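[1] Fold the following for me, if possible:
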Amino acid sequence: MKLSNNWFTTVSETENGAMVIVCGRDDLELYARSGKFKERVEIYWKYNGDSRGMPCESDARVMEPVQDALQKAMEKDKLAILTGVYTGDNERTWIFYTRNVPAVFFRKTSDSDLYRKRS
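    Residues are numbered from 1 along each chain as shown. Prediction:
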């Protein structure tokens, strides 16, 4: 199975009326039907948003390389897949589906670029 990097984006809102940008991954049918990715993992990043609850430019610039590193580490061996990203209401949420949380997800994040010193 080849994992595409095709995404859709839409705008939604929370129950309290805050705007949320929803990014979802397309072309996941084969992975869903495989039955191998049964465990859902959500990673939350709280931030001090603007008046609409969206991240400021500097926060957004910091979040992007974190997302890239997480996605690269998780999807390297297709043991976990990033399926959605929600941004708004002073929070970004990354949604992954994985084969096994303790054995795969935590090991992969500790081995990722997130924990390497940056110059």
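[2] Where does the prediction get shaky in this structure?
    Applying pLDDT under 70 to the chain picks out residues 102-119.
[3] That one: strands as residue ranges?
    With DSSP state E as the criterion, the chain has strands at 7-13, 19-25, 39-46, 80-88, 91-98.
[4] possible to save the ones you listed as a markdown table with mean neighbour count and distance to residue 68?
    Where C-beta positions appear, they are placed from N, C-alpha and C, glycine not excepted. What follows is those, written out as a markdown table (neighbours: other C-beta atoms under 10 Å; distance: least, C-beta to C-beta, whole Å):
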| stretch | mean neighbour count | distance to residue 68 |
| --- | --- | --- |
| strand 7-13 | 10 | 13 |
| strand 19-25 | 16 | 14 |
| strand 39-46 | 13 | 14 |
| strand 80-88 | 20 | 10 |
| strand 91-98 | 20 | 11 |
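[5] I'd like these written out as JSON lines, with distance to residue 59 added.
    Formatted as JSON lines, those follow (distance: least, C-beta to C-beta, whole Å):
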{"stretch": "strand 7-13", "distance to residue 59": "19"}
{"stretch": "strand 19-25", "distance to residue 59": "14"}
{"stretch": "strand 39-46", "distance to residue 59": "9"}
{"stretch": "strand 80-88", "distance to residue 59": "10"}
{"stretch": "strand 91-98", "distance to residue 59": "9"}
